[in-house]
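K.L.:
Below are the sequence and a predicted model for it; my questions follow.
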Amino acid sequence: MIDTAVTFAAPAKLNLFLRVLAREADGYHGVETLYCLVDLADTLRAERRDGRGVTIDVTGADVGPAEQNLAVRGAAAVLTATGDRFGVHLTLTKKIPVQAGLGGGSSDTAAALLAVNRLAANAVPRHELLQFAARLGSDVPFFLSGALLALGWGHGERLLRLPPLPAAPALLLSPATKVATAEAYGWVDAARQSSGRRGALALDLDALSRWGDIGRMAGNDFESPVFGRHPEIRSAFEALVGTHPLVCRMSGSGSTLFAVYRSTRDRDDARMMLGRKHGAVTATETLTSPLA
């Protein structure tokens, strides 16, 4: 029996560390990062419709015109690959902040690929879906992979799936300031004009199983240039560090900051301390199993 409507959760990610490597001939940068999923999620529903093409309704955030939406493009890619035998309507409910470094748009895109392929009776093999994902965006392959924790290299298309870390309570602090990813890469390049090529580090996989070790190795190459241009984000980061988490970083190119705590009580105390002075504060938890 072919499904006529399916619903997928599209969770947010944290970059527990993020290194920006060399700018390559195609103009894009390589990265080295540790992805981790949290339980904050958008919801994407896909319905079969008569006719052709993809339509979308979005609630909860302004994500721009439909023709530029990556989830729409992902859905269209699957329809094309399966012969455009039907149309699709997407209903996207946004809870992940936009332009925040949490990968909401990429997660929505992965959900659209999976959902429309389900409507097409999974006609597109998984390895081909991963190729679609890699073409659509650097974080999309991770979200499509089903991994809860993974090392990513290149443009995010090279992944090493890892066992999930122990579930840990976390806070997301989202300043009002938004950071465009392309601008942030430009700032990194400007800061490195005289510093030469940046190489990858040797990583101890055993250390990636413990929050304490991750706290010691965590870092994000976007932080310095973003903090330098947006002192309000730096102030928010300093306030979050002051709550004494195990790990505290900016996710992706920002502007959302995250902190991981030893206990729910520590997390909740930190939330009370922060209030809303530096931006919206959201309680979440890292995932040890996929969202339903």
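P.N.:
Received, thanks.
K.L.:
Please make it C-alpha for all contacts and neighbour counts, starting now.
P.N.:
Fine.
K.L.:
Could you point out the longest helix of this protein?
P.N.:
Using DSSP state H to define each element, the chain has its longest helix at helix 104-119.
K.L.:
Show me which positions of the helix or strand just after that helix end up buried.
P.N.:
Going down the chain from helix 104-119, the next helix or strand is helix 126-136, by DSSP states H and E. The neighbour-count check on helix 126-136 (16 or more other Cα atoms under 10 Å) flags 129-130, 132-134, 136 as buried.
K.L.:
repeat for stretch 259-267
P.N.:
259-262, 264, 266-267.
K.L.:
How about stretch 181-193?
P.N.:
For stretch 181-193, burial by neighbour count (16+ other Cα under 10 Å) applies to 181, 184-185, 187-189.
K.L.:
closest to Ile214 among the residues you listed?
P.N.:
Ile214 has its nearest neighbour among these in Val188, at 23.2 Å by Cα to Cα.
K.L.:
Surely that closest one and Glu223 touch.
P.N.:
No. The pair Val188 / Glu223 is not scored as a contact, 9.3 Å apart, by Cα atoms under 8 Å.
K.L.:
on that earlier part again, of the buried residues of helix 126-136, which is the nearest to Leu160?
P.N.:
Leu130 (14.1 Å).
K.L.:
Could you list the low-confidence segments of this protein?
P.N.:
Residues of the chain meeting the criterion pLDDT under 70: 25, 27, 194-202.
K.L.:
Could I get the contacting residues of the residue most central in space within it?
P.N.:
Per Cα atoms, centre = their mean, the C-alpha nearest to the average position across the chain is that of Gly103, at 2.4 Å. Taking Cα atoms under 8 Å, 6 or more residues apart in numbering, we find Gly103 in contact with 12-13, 139, 252.
K.L.:
so Asn69 touches Val63, yeah?
P.N.:
Yes. Asn69 lies in contact with Val63 (Cα under 8 Å); the separation is 7.3 Å.
K.L.:
any chance you could map the helices in the stretch 151-292 of the chain?
P.N.:
Counting by DSSP state H, counting those that start in this stretch, one finds helices in the stretch 151-292 of the chain at the ranges 181-191, 211-217, 223-229, 231-241, 264-274.
K.L.:
between those helices, which gets nearest to Asn117?
P.N.:
So among the helices of the stretch 151-292 of the chain, helix 181-191 is nearest, using Cα to Cα, at 29.0 Å.
K.L.:
chain center to that closest one: distance?
P.N.:
How far helix 181-191 lies from its chain's middle: 19 Å, per Cα atoms, centre = their mean, to the nearest Å.
K.L.:
ok, now stretch 84-101?
P.N.:
With Cα atoms, centre = their mean as the basis, stretch 84-101 stands 14 Å off its chain's centre.
K.L.:
How far does it stretch from one end to the other?
P.N.:
33 Å (Cα to Cα, to the nearest Å).
K.L.:
Mind putting the contacts of Gly103 into JSON lines with secondary structure and distance to Arg158?
P.N.:
Below are these laid out as JSON lines (DSSP: H, G, I helix; E, B strand; the rest coil; distance: Cα to Cα, whole Å):
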{"residue": "Ala12", "secondary structure": "strand", "distance to Arg158": "19"}
{"residue": "Lys13", "secondary structure": "strand", "distance to Arg158": "17"}
{"residue": "Asp139", "secondary structure": "coil", "distance to Arg158": "10"}
{"residue": "Gly252", "secondary structure": "coil", "distance to Arg158": "17"}
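K.L.:
any idea which of those residues is the one closest to Asp39?
P.N.:
Ala12 (7.1 Å).
K.L.:
my guess is Val20 contacts Gly152, does it?
P.N.:
No. Contact criterion Cα under 8 Å: Val20 and Gly152 do not qualify, at 11.6 Å.
K.L.:
can you list residues touching both of the two?
P.N.:
Shared contacts of Val20 and Gly152, defined by Cα under 8 Å, 6+ apart, comprise 31-32.
K.L.:
how many other residues sit next to Ala150?
P.N.:
When neighbours are counted by other Cα atoms under 10 Å, Ala150 registers 23.
K.L.:
Help me confirm that it is found in a strand?
P.N.:
Yes. Counting by DSSP: H, G, I helix; E, B strand; the rest coil, Ala150 is located in a strand.
K.L.:
how close does the residue lying closest to Arg267 once chain neighbours are set aside sit to Leu246?
P.N.:
Among residues not flanking Arg267 along the chain, Tyr261 sits closest, at 5.8 Å (Cα to Cα, 6 or more residues apart in numbering). From Tyr261 across to Leu246, the span is 5 Å (Cα to Cα).
K.L.:
Confirm that Gly74 sits in a helix.
P.N.:
Yes. Applying three-state DSSP, one finds Gly74 inside a helix.
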